[in-house]
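J.: sequence plus predicted model, see below.
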Amino acid sequence: MSDLMTGQSFADFGLPSTVLKQVESMGFTTPTPIQIQAIPALLEGKNVLGEAQTGTGKTAAFGLPGLTLVDPKVRQTQMLVVAPTRELAIQVAEAITEFGKQMRGLEVATVYGGAAFGPQIKALRTGAQIIVGTPGRLLDMLKKGVLKLDALRMAVLDEADEMLNMGFIDDIEAIMSAVPNTSQRTLFSATMPNAIRKLAKTFLVTSEGEQPLTIKIEAKTAAKSTIRQRAWQVRGITKMMALTRLLETMEYQRVLIFVRTRNDTMEVTEQLQAAGFKASPLSGDLNQSQREQTVGQLRSGHIEILVATDVVARGLDVPEITHVVNYDLPGDTESYVHRIGRTGRAGRSGEAILFYRPREKHLLRQYERLTSSTIEFFEVPDAKELSAHRQASLQQKIVAQLEKGGLDELTAIVEKMQKETDLSASQIAVALLAQQNLQRPLIVSADPAPRKFAERNERADRNDRGDRKRPEKRAGARDRRDADVEFDTYRIQVGRDHGARPQDIVGAIANEAEMDSKYIGQIQLFENHSLVELPKGLPTGVLRILQRARVRQQQMGMELADQAIPPRARKPRGDRPAPKGLARKERQPGGERRTRRFQ
């Protein structure tokens, strides 16, 4: 990169004032190399072929120029972004939404397999100007005539090599063939295999024969050696329980916790505050002054924990952050790099903690390759270790208080109690400990044993995988009557009107509660709710998880039902498909195969 390309700012690009103000309010100051080369070229109307590793800022590289082409007053699709996975599609959509927050009337819609068609079709028909989606579902929308590209001004292929690896090349070619010749096109990829070069040659060369601008950013190590990375597999206890145990037992100065959505920032913060931690949310719902105030409180120590989404935390520079917790893993490795880069600042050491489910283990290998470092596996403190920590902590506080002195008046009260009640000092101490125990148990109940599930091929856990073979039918599925379980009937606020099917409900419960499907009884669907049988004596913690779980983007709100499922509604277990272990694959219209995930 030449000297002329250094020292630039986003103000040098000539972005619209609404976009520039929002970028600056988000803390973006200096553009990355891919942004320095791609943004001016795209603003000039050129097609771009970009080769750059994740973590280089590609979303802003195409998102900011794309927003300059969009007219919010026109209710038609003007920008299309094709991404390989649901998670990345959501991530890109959230980033572009944040970039265009000050553009009144702007609508960004996500379109992906594994979700109901209805809301997505509605978003397209009501005129969302920017559509971000996965290949299979986008192709479905094109075939249905719902996705109309007549007014399209920019088409983007993001992580093209990943889409190639997942078998989406035919879908991509079909989608790009529907893009008008007048539309600007750009393709970003971490690598450039021959198939991607052929795709670029076919779709990025203009009708006048003009070649695309080719940009190549050399890969570099994205993480500092001062950042220690550790991962815990979610099992046995909930993520919230694991988080509070870690915060209670580890030494930290400031902690940044990453979650997936704005609603999650509020929910996690509320639970942390209820547990006694000084936490605050940092989301896109806050204006710039509120964000600055929140970050200022973090620096001053008035709050010690921030719960944030990826977009709003970019540009956050607080040297006191000693730990970054990936409560929810990001959908792409670029976001992971930005996350862990919030700790280990100014030459200090830092620690990145990851919570992952078995189906997400393949992401850890990607993080290791990108950061050129090793992720250690660890276990959160169990009930016995937590009990010992609390007892030791209380003992230290008692000893410190006695050494501090000034307890003459309290000593007199204890002596008076002894005389009036014939109680010994140890009995009084035990009674006081009992009061303490009510607030925070000194002897924590034993953790449930982690459930064991059938092993699965890790490669089969990838979302939106392009393997066109249908999964084998589950062999030897047990009838629920063989489990010898007594059931209660629960009501959930999801029904036919939400597009729910029995297998959706089974998948959600199996995923969130880590429950083998043989322990899920009969299901009866109604218009606005459903009834489902679950084992008697369902733990309160599991019930709370299932109350928040979602089916077809609708929260379950699970509660005990007043009535049982009538016998005539009961069908043999084998009459409906059930997930194998924690997830099941299904073919989505348009050829996408997904592992259903509920988080």
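T.: Cool, got the structure.
J.: where's residue 121 relative to residue 131, distance?
T.: As for residue 121, its distance to residue 131 is 12 Å (criterion: Cβ to Cβ, to the nearest Å). Any C-beta I mention is one placed from the backbone N, CA and C, and that applies to glycine too.
J.: those two: who's more crowded?
T.: Legend: neighbour count by other Cβ atoms under 10 Å for residue 121 and residue 131, higher for residue 131 (26 against 16).
J.: the strand or helix carrying the more buried one pairs with which strands?
T.: Per DSSP states H and E: residue 131 is located in strand 130-133. Neighbouring strands of strand 130-133 in its sheet, by DSSP bridges, are strand 79-82 (parallel), strand 108-111 (parallel).
J.: and residue 126, how many residues sit next to it?
T.: Around residue 126 there are 10 residues (other Cβ under 10 Å).
J.: swap in residue 410?
T.: 10.
J.: what of residue 560?
T.: Other residues close to residue 560 by other Cβ under 10 Å number 11.
J.: might you report the residue contacts of residue 164?
T.: Going by Cβ atoms under 8 Å, 6 or more residues apart in numbering, residue 164 touches 193, 195-196.
J.: now swap in residue 268 and tell me
T.: Here residue 268 is in contact with 240, 243, 257, 259, 279, 281, 307, 327 (Cβ under 8 Å, 6+ apart).
J.: wasn't residue 369 part of a helix?
T.: Yes - applying DSSP: H, G, I helix; E, B strand; the rest coil, one finds residue 369 inside a helix.
J.: that one: how many residues sit nearby?
T.: Neighbours of residue 369 (other Cβ under 10 Å): 11.
J.: same thing with the one 10 residues further on?
T.: Burial measure for residue 379: 11 neighbouring residues, criterion other Cβ under 10 Å.
J.: next one: residue 423
T.: Around residue 423 there are 15 residues (other Cβ under 10 Å).
J.: what about the closest residue to residue 158 other than its chain neighbours, distance to residue 62?
T.: Spatial nearest neighbour of residue 158, excluding adjacent residues (Cβ to Cβ, 6 or more residues apart in numbering): residue 83 at 4.9 Å. Noted for residue 83: a distance of 11 Å to residue 62, by Cβ to Cβ.
J.: shared neighbours, the two?
T.: residue 158.
J.: next, the most centrally placed residue in the chain: secondary structure please.
T.: The structure's the chain has its C-alpha centroid closest to residue 260; by Cα atoms, centre = their mean the separation is 3.4 Å. Assigned by three-state DSSP, the conformation of residue 260 is coil.
J.: look up the closest residue to it, ignoring the ones flanking it.
T.: residue 328 (4.3 Å).
J.: is it true that the one you found lies in a strand?
T.: No - counting by three-state DSSP, residue 328 is located in no strand; its state is coil.
J.: isn't it right up against residue 257?
T.: No - between residue 328 and residue 257 there is no contact under Cβ atoms under 8 Å: 9.4 Å.
J.: quick revisit: any of the contacts of residue 164 buried? List them.
T.: residue 196 (16 or more other Cβ atoms under 10 Å).
J.: mind listing which of the contacts of residue 164 are in helices?
T.: Under the assignment DSSP state H, the contacts of residue 164 contribute 195-196 to helices.
J.: so which of the contacts of residue 164 would you say is closest to residue 154?
T.: residue 196 (19.0 Å; Cβ to Cβ).
J.: roughly how far does the closest one sit from residue 57?
T.: Counting by Cβ to Cβ - residue 196 and residue 57 are separated by 20 Å.
J.: what does residue 264 give?
T.: In terms of Cβ to Cβ, residue 264 sits 24 Å off from residue 57.
J.: what do you get for residue 100?
T.: Distance from residue 100 to residue 57, by Cβ to Cβ: 17 Å.
J.: for residue 502, same thing?
T.: Using Cβ to Cβ, residue 502 is found at 44 Å from residue 57.
J.: ditto for residue 133
T.: Taking Cβ to Cβ, one finds residue 133 at 22 Å from residue 57.
J.: comparing these two, which residue is more hemmed in?
T.: Using other Cβ under 10 Å as the criterion, residue 133 and residue 57 rank with residue 133 on top: 27 against 21.
J.: spatially nearest residue to the more buried one, not counting backbone neighbours?
T.: residue 111 (3.3 Å).
J.: does that neighbour touch residue 137 like I think?
T.: Yes - Residue 111 is within contact range of residue 137, at 5.0 Å (criterion: Cβ under 8 Å).
J.: common neighbours of those two, please.
T.: Counting by Cβ under 8 Å, 6+ apart, the contacts common to residue 111 and residue 137 are residue 120.
J.: all the helices of the stretch 51-200 of the chain, residue numbers only.
T.: 58-69, 86-99, 117-125, 135-144, 160-165, 169-177, 194-203 (DSSP state H, counting those that start in this stretch).
J.: mind checking what helix or strand follows the last one in sequence?
T.: By that I understand helix 194-203. Next element after helix 194-203 (DSSP H and E): strand 213-216.
J.: run through the stretch 401-550 of the chain and note the low-pLDDT ranges.
T.: 448-485 (pLDDT under 70).
J.: would you tell me which one of the strands paired with strand 130-133 is buried the most?
T.: When those are scored by mean count of other Cβ atoms under 10 Å, the highest mean neighbour count falls to strand 79-82 (a mean of 26).
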